[in-house]
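Chemist: Got a predicted structure plus its sequence, pasted below:
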Amino acid sequence: MGYSFLHSAFTADYILSGKKFQVFIIESGNNNESRNMIETYLRQTGRAANDIVEGRFTLSDPHHGEVDLSWKGARIWGTIGLDDPAVRSKYLKLVEEGLQQLE
């Protein structure tokens, strides 16, 4: 994903209405490692990273544009390159449902 602190990411490219976007999943070692990744990413994109909790984040990334991501435990997943917030939400939910089936 272009950031050394966001390691072990799996990405998949998709095309929707002629526009390419990516979905990513990061499997970190544990909850604390995920927290550190999120905190670093928040700071990198100019957002406060104090007292963060698991959940959803929308970031304005200078390299990827609007990035929506979710964090739960040792997993972080998200979308890159989708302009429509409703579509981003849909894909976050689909990935979350797929990850829950793996548990």
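Modeler: Arrived safely, thanks for sending.

Chemist: what residue ranges in the protein are flagged as low confidence?
Modeler: Within the chain, the segments meeting pLDDT under 70 span 1.

Chemist: where do the helices sit along it?
Modeler: For the chain, the helices defined by DSSP state H cover 31-44, 85-102.

Chemist: Relative to Tyr14, which of the ones you listed is closest?
Modeler: Among the helices of the chain, helix 85-102 comes nearest to Tyr14, with 8.4 Å by Cβ to Cβ. Where C-beta positions appear, they are placed from N, C-alpha and C, glycine not excepted.

Chemist: residues near the closest residue to Thr40 other than its chain neighbours, how many?
Modeler: What sits nearest to Thr40 in space, not counting adjacent residues and going by Cβ to Cβ, 6 or more residues apart in numbering, is Phe5, at 4.5 Å. When neighbours are counted by other Cβ atoms under 10 Å, Phe5 registers 14.

Chemist: give the contact list for Phe5.
Modeler: Going by Cβ atoms under 8 Å, 6 or more residues apart in numbering, Phe5 touches 36-37, 40-41, 44.
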